[in-house]
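> kindly return the folded structure for what I paste below:
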Amino acid sequence: MELARALRILWQRRRLVALGVLVALIAALLSVFRVGLAPPSLESRTNVFATASTQILVDTPGSAFADLASDLDPLETRASVFSRFLTTPAAVALIAREAKIPFNAIEAQGPYDLNVPTFNQGPTAEQRSSQIIGEGALYRLRFENNPALPIISVFSQAPDRVEAERLADAAPTALHAYIDRLQDEQGTPASRRVEIRRLGRATGGVVNAGANIQIATFVFIAVLVGWCMLLIPAQTIARGWRETGGTTDRAAATGNGHNGRRPRPDDHRRSEPAPERVR
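Residues are numbered from 1 along each chain as shown. Coordinates of the predicted model:
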């Protein structure tokens with residue numbers, strides 16, 4: 001019964017309901033897009049993002065992996081040092097240049113000690129500098145190294161898959177170029193050089209591909225339901241006001257002694273007392 005009454009009220013105010021649908025559509029649009037006025041633009045919010053990953057092998061020119069006599073400990077130490085270097089502003093600037101992404105849009109983190117809880121591992125001064133520069137960034141990098149292997153894992157995040165893969169691939173390329181230039185400047189002999197090898201191209205995918213649709217649908221329904229709930233009490237209050245006004249008018253008419261009936265011309269005659277009969 002109440003549902004039928006509510007639907008009848010909404011049908012009577014269908015023009016306002018149509019306006020509510022328009023308001024809900026605008027709210028849903030603003031929940032997933034950022035609108036710019038000068039100049040006019042429509043930019044998607046970061047509800048949907050993509051991730052990618054690749055790995056870097058710290059090796060020797062002749063590949064220590066193929067030589068049983070080679071000791072991997074120095075390479076593991078180098079991998080640990082390089083993974084921390086990659087989070088510094090200097091390294092992030094090289095990666096940003098290689099990936100063709102603004103430097104201040106990238107945040108770099110890691111690596112973390114596997115034997116210590118993450119919340120106990122505060123970032124170094126250089127790592128914190130990179131985080132401050134990239135706070136609220138659309139692009140993120142995280143580096144991890146295996147203490148038992150000279151391998152650095154690279155994880156990236158970007159608004160789409162192509163950019164995430166390009167950002168992850170830029171890390172080994174930038175590190176390779178930096179180490180080679182440094183060894184050339186120092187004149188490091190070929191037998192003692194460090195070789196940076198990328199273990200395959202980065203692969204990635206989109207995370208929460210349907211997030212924008214879900215968010216827009218939820219906002220649209222919530223706004224429209226809230227709008228309709230405001231219309232029903234408004235109709236009820238207006239009806240109650242009218243009914244209260246009618247009751248007050250009837251009460252006033254009754255208080256005047258006419259019981260709501262208009263007075264007639266001969267009413268004053270009926271109200272006069274009858275003359276006494278003379279004996």
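> and this protein, what are its domains?
2-45+212-248, 49-207 (automatic domain parsing).
> residue ranges with poor pLDDT in the stretch 151-279 of the chain?
208-210, 234-279 (pLDDT under 70).
> so where do the helices sit in it?
161-186, 211-255, 267-271 (DSSP state H, counting those that start in this stretch).
> any idea what sits nearest residue 64, other than its immediate chain neighbours?
residue 70 (3.7 Å; CB to CB, 6 or more residues apart in numbering). Heads up, the C-betas are built off the backbone N, CA and C, glycines and all.
> secondary structure class for the one you found?
coil (DSSP: H, G, I helix; E, B strand; the rest coil).
> residues near it, how many?
15 (other CB atoms under 10 Å).
> cool, the one 3 residues further on as well?
When counting by other CB under 10 Å, one arrives at 9 neighbours for residue 73.
> check what pLDDT it gets.
If you check residue 73, the pLDDT there is 85.
> what's the answer for residue 100, then?
So residue 100 comes in at 92 (pLDDT).
> tell me the contacts of it?
Applying CB atoms under 8 Å, 6 or more residues apart in numbering to residue 100 gives the contacts residue 166.
> for residue 166, see how far away it is.
Distance from residue 100 to residue 166, counting by CB to CB, to the nearest Å: 8 Å.
> what segments of this structure are strands?
33-37, 40-44, 49-59, 106-109, 139-145, 151-158, 195-198, 203-207 (DSSP state E).
> tell me the angle the third one makes with strand 203-207.
The reference is to strand 49-59. Calculated by axes from the mean of the first three to the mean of the last three CA atoms, to 10 degrees, strand 49-59 forms an angle of 160 degrees with strand 203-207.
> still on that earlier bit, can the strands of the chain go into TSV with extra columns for distance to residue 229 and mean neighbour count?
Formatted as TSV, the strands of the chain follow (distance: least, CB to CB, whole Å; neighbours: other CB atoms under 10 Å):
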stretch	distance to residue 229	mean neighbour count
strand 33-37	26	11
strand 40-44	30	10
strand 49-59	35	21
strand 106-109	42	23
strand 139-145	41	22
strand 151-158	39	24
strand 195-198	58	18
strand 203-207	35	15
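> show me the beta-bridge partners of residue 145.
residue 152 (DSSP bridges).
> roughly how far apart are it and residue 227?
54 Å.
> how about stretch 16-24 as CSV, C-alpha atoms only?
Coordinates of each C-alpha in stretch 16-24 appear next as CSV, following Å, rounded to 0.1, in the frame of the first residue of the first chain:
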residue,chain,number,x,y,z
LEU,A,16,10.9,16.6,-10.9
VAL,A,17,11.8,12.9,-11.1
ALA,A,18,13.2,13.5,-14.6
LEU,A,19,15.2,16.4,-13.2
GLY,A,20,16.6,14.0,-10.6
VAL,A,21,17.6,11.6,-13.3
LEU,A,22,19.6,14.4,-14.9
VAL,A,23,21.3,15.3,-11.6
ALA,A,24,22.2,11.7,-10.9
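> show residues contacting it.
Under CB under 8 Å, 6+ apart, the answer for stretch 16-24 is 10, 219-221, 223-224, 227-228, 231.
> if I look at residue 88, how far off is residue 79?
Taking CB to CB as the measure, residue 88 falls 16 Å from residue 79.
> just want to know which of the two has more residues nearby.
residue 79 (25 against 17).
> widest-spaced pair of the contacts of stretch 16-24?
10 and 219 (20.4 Å; CB to CB).
> quick one: which of these two has more around it?
Remark: of residue 10 and residue 219, residue 219 carries more neighbours, 19 against 16, as counted by other CB under 10 Å.
> contact partners for that one?
Applying CB under 8 Å, 6+ apart, the residues contacting residue 219 are 24, 27-28, 31.
> of those residues, which belong to helices?
24, 27-28, 31 (DSSP state H).
> most neighbours among these, which one is it?
Going by other CB under 10 Å, residue 28 tops these with 22 neighbours.
> next, work out how far apart that one and residue 16 are.
Taking CB to CB, one finds residue 28 at 19 Å from residue 16.
> distance check, residue 172 against residue 180.
12 Å.
> common neighbours of the two, please.
What both residue 172 and residue 180 touch, as defined by CB under 8 Å, 6+ apart, is the set residue 196.
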